[in-house]
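Peer 1: Coordinates for the following, if possible.
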Amino acid sequence: GGGSSSPSGGHIEQDLGKMSIKGTSVASTTKGSPVASQEIKGKSSVVIPHKSEKPKGLDMSAFLSCRETIDSNKVLTDLSKDHVKFKGILIERTHQLRLVRSYWVKGDVKGALVKLIDTNNRSVQADFLKNAEKQMQAALNLEMSRELLPILKSLLTMPFEGYLKTSLSYLRFILKSFSPVIISTLLAQKKSSLVNPQFEERRTRCKECLKWFAAAKPNIEALSTKNASIQRDAVEVLDLIQALIQA
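Peer 2: Numbering: from 1, shown residues only. Now for the predicted structure:
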């Protein structure tokens, strides 16, 4: 059940060692480079690919205005301006993920989920769920799904594509796995006047799951019409929710 997986250990720890501005890696210009020999003046005879796995030998000064000078002190100030804040965020994320991981590596999926909810940090929640997706989905039951749904709903309100894809993936899995149980439980009639505690607990879980699916529906509807990159996933999840609500 996923006890040996550590989805977040190296992933976040590496972040602390990569605190640099994201951009294109370009090596120094070298003599003899076919690209380096090209001067960028208006039109260039060389088309530079948007993505590449090796340096292109570009002369970076060609991209600057002839009258522009660089103040190295100002550049350093700008780069380090938010360094302390950013480092604090990464340290907090690492601490929270390590706490969740401490339960996960022991095979305590329920405990890991509880700690994940307690973090109340969407970045941590999205990061963990994405990296533990296969193992987490294999361990999910109806009760854990009910507890996970509020997190999935909150991730749908974020603007980040990775968060949205993670949420939709889990929603699709939960709907496909537990819709039959939810429908049969909610439609079941009591066969006697005797109280069945287990049935009532399952019925309560099913009602709460249905409530959260209904709450997430408007967010998913918006994604199904506005975000082309995840439109297919959103439409599929929306169809599953519609089928569950109308059953």
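Peer 1: and Ala247, how many neighbours?
Peer 2: Ala247 is flanked by 13 other residues according to other CB atoms under 10 Å. (Each C-beta comes from the backbone N, C-alpha and C, glycine too.)
Peer 1: Let me see the contact set for it.
Peer 2: Ser179, Ile183, Leu187 (CB atoms under 8 Å, 6 or more residues apart in numbering).
Peer 1: Once you drop chain neighbours, what's closest to the last one?
Peer 2: Put plainly, it is Leu187. With sequence-adjacent residues excluded and distances taken as CB to CB, 6 or more residues apart in numbering, Leu187 is closest to Ala247, at 7.6 Å.
Peer 1: Give me the mean pLDDT for the helix or strand containing Asn73.
Peer 2: Element membership for Asn73 (DSSP states H and E) is helix 72-80. Helix 72-80 shows a mean pLDDT of 76.
Peer 1: Pull out the buried positions in that helix.
Peer 2: Using 16 or more other CB atoms under 10 Å as the test for burial, helix 72-80 gives no buried residues.
Peer 1: Mind giving me the packing neighbours of it?
Peer 2: If you count contacts as 3 or more CB pairs under 8 Å, 6 or more residues apart in numbering; DSSP states H and E, helix 72-80 packs onto no helix or strand.
Peer 1: which helices and strands does the following helix or strand past it pack with?
Peer 2: Next helix or strand after helix 72-80 toward the C-terminus (DSSP H and E): helix 83-104. Applying 3+ CB pairs under 8 Å, 6+ apart, we find helix 83-104 packed against helix 9-16, helix 109-119, helix 122-131.
Peer 1: follow-up on the earlier one: would you mind checking which of the contacts of Ala247 is nearest to Asp233?
Peer 2: Asp233 lies nearest to Ser179 out of the contacts of Ala247, by CB to CB, at 16.9 Å.
Peer 1: now that closest one, nearest residue through space, not along the chain?
Peer 2: Ser179 sits nearest to Leu244 (CB to CB, 6+ apart), 5.0 Å away.
Peer 1: what's the average pLDDT for stretch 86-104?
Peer 2: 89.
Peer 1: The residue nearest to Ser179: neighbouring residues, count only.
Peer 2: Counted with other CB under 10 Å, the neighbours of Leu244 add up to 19.
Peer 1: which residues touch it?
Peer 2: Leu175, Ser179, Ile182, Ile183, Leu210, Phe213 are the contacts of Leu244 under CB under 8 Å, 6+ apart.
Peer 1: What subset of those is buried?
Peer 2: Counted by 16+ other CB under 10 Å, those give Leu175, Ser179, Ile182, Leu210, Phe213 as buried.
Peer 1: that older thread, select from the contacts of Leu244 every entry located in helices.
Peer 2: Applying DSSP state H to the contacts of Leu244, the entries found in helices are Leu175, Ser179, Ile182, Ile183, Leu210, Phe213.
Peer 1: Mind putting the residues you listed into JSON lines with pLDDT?
Peer 2: Output for the ones in helices among the contacts of Leu244, formatted as JSON lines (pLDDT from 0 to 100):
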{"residue": "Leu175", "pLDDT": "97"}
{"residue": "Ser179", "pLDDT": "95"}
{"residue": "Ile182", "pLDDT": "94"}
{"residue": "Ile183", "pLDDT": "92"}
{"residue": "Leu210", "pLDDT": "95"}
{"residue": "Phe213", "pLDDT": "96"}
